[in-house]
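**Student:** No sequence on hand, only this structure:
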């Protein structure tokens, strides 16, 4: 049987026609032999929960208000690259993102508290909602005040960090040693924040001083320390499983008392660069367990990195889904059966 496809609503910014239901795909061919393919039980390009207040539709997640202090967060299968939402989704992506985030939230709760609440979905979904469609991709969370910054930890010089270093010899105001190469490990992990852009806009790297100006020194220091603590713990954990976490991005929020929580997602292929350690080389962009297949294909297209994005070929979608599934299994031991 093919994947179950949800009916999408016509919420502002994401018209229904922008998310055609993909054909059923088999992913076995794209996976290494030692990893069994994960089942893809559902596809959800856009959630539709009548009776709940939709307060935000992001690049990937739809967020609903449940009360003054609780939210319902749904990870859809939307695919974004270069800060643009692509026309076609990746089947099962939202389920994989949610499961790996929940895994990391649990593993790092001793370092930083997170937004998750232990509330059964059946208690909050509208009557008549297909629970199977949401049970692996939706969570009930605390309703927090977002800290207006993307909190990025980098252990390796890659992506926009590599480009900034080539141009200036520094990154987010942090001077780096001369002569570093692409994908080289940094002397120590660094905190390199960026702006939190709206859908369709591009995040911009900023200095730590800009974060201090935006949120105050105390909160800025808490965010930096939490970001680096989680990254260093997770990087060591992943290294034992043959995976390098080159960099990652977190989002944080505060409750009414000012207590800091990590929220949204954690250490997923969407928010991180995962490299197989046995294929890592300095001087190249290493193979990765993320949407690099999509980025590489987009770089070959006549496209200016603004919306709307081009339709992604089925083969690229399938390869990307397979990499997400492999990361989930290798890091967390989870298969979406």
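**Tutor:** Yep, it's here. Values in this document were obtained by computation on a predicted structure and should not be read as measured data.

**Student:** contacts, neighbours, all on C-alpha from now
**Tutor:** Noted.

**Student:** all helices for the stretch 101-250 of the chain, in order.
**Tutor:** Counting by DSSP state H, counting those that start in this stretch, the segments of the stretch 101-250 of the chain that form helices are 131-134, 160-168, 208-215, 217-239.

**Student:** Looking at these, which is nearest to residue 267?
**Tutor:** With respect to residue 267, and counting by Cα to Cα, the nearest of the helices of the stretch 101-250 of the chain is helix 217-239 at 8.2 Å.

**Student:** buried residues in the closest one?
**Tutor:** Of the residues in helix 217-239, those with enough neighbours to count as buried (16 or more other Cα atoms under 10 Å) are 219-220, 223-224, 226-232, 234-235, 237-238.

**Student:** same thing with stretch 185-196?
**Tutor:** Of the residues in stretch 185-196, 185, 186, 189, 190, 191, 192, 193, 194, 195, 196 count as buried by neighbour count, 16+ other Cα under 10 Å.

**Student:** now do stretch 168-178
**Tutor:** Of the residues in stretch 168-178, those buried by neighbour count under the rule 16+ other Cα under 10 Å are 169, 170, 171, 172.

**Student:** what's it in contact with?
**Tutor:** With Cα atoms under 8 Å, 6 or more residues apart in numbering as the contact definition, stretch 168-178 has outside contacts at 161, 164, 165, 192, 193, 205, 206, 207, 208.

**Student:** pull the longest strand from this protein.
**Tutor:** Using DSSP state E to assign secondary structure, the strand with the most residues in the chain is strand 243-254.

**Student:** Just the buried residues out of the contacts of stretch 168-178, in PyMOL syntax.
**Tutor:** In PyMOL, a selection of the buried entries from the contacts of stretch 168-178 looks like this (16+ other Cα under 10 Å):
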select buried, resi 161+164+165+192+193+205+206+208
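
**Student:** wait, what's in contact with the nearest residue to residue 119 once chain neighbours are set aside?
**Tutor:** Leaving aside its chain neighbours, residue 119 sits nearest to residue 140 (6.2 Å; criterion: Cα to Cα, 6 or more residues apart in numbering). Residues counted as contacts of residue 140 (Cα under 8 Å, 6+ apart) are 70, 71, 72, 73, 116, 117, 118, 119, 120, 121.

**Student:** Who is residue 140 paired with across the strands?
**Tutor:** Taking DSSP bridges as the rule, residue 140 bridges to residue 72.

**Student:** quick one on the thing from earlier: closest one of the buried residues of stretch 168-178 to residue 274?
**Tutor:** Comparing the buried residues of stretch 168-178 against residue 274 with Cα to Cα places residue 171 closest, at 20.6 Å.

**Student:** helix, strand or coil for residue 330?
**Tutor:** Local secondary structure at residue 330 is given as helix here, using DSSP: H, G, I helix; E, B strand; the rest coil.

**Student:** what's the neighbour count on it?
**Tutor:** Neighbourhood size, residue 330 [other Cα atoms under 10 Å]: 15.

**Student:** Mind pulling up the pLDDT for it?
**Tutor:** Looking at residue 330, its pLDDT is 92.

**Student:** The closest residue in space to it that isn't next to it in sequence and residue 219: what is the separation?
**Tutor:** Of all residues beyond its chain neighbours, the one nearest residue 330 is residue 241 (7.0 Å), with distances taken as Cα to Cα, 6+ apart. Between residue 241 and residue 219 the computed distance is 33 Å (Cα to Cα, to the nearest Å).

**Student:** Please apply the same query to residue 183.
**Tutor:** 31 Å.

**Student:** Surely residue 295 and residue 81 touch.
**Tutor:** Yes: taking Cα atoms under 8 Å as the contact criterion, residue 295 and residue 81 are neighbours in contact, 6.6 Å apart.

**Student:** which of those two has more neighbours?
**Tutor:** When residue 295 and residue 81 are compared on other Cα under 10 Å, the one with more neighbours turns out to be residue 81, at 17 against 14.

**Student:** For that one, give me its contacts.
**Tutor:** Taking Cα under 8 Å, 6+ apart as the criterion, residue 81 is in contact with 291, 294, 295.

**Student:** That'll do, ta.
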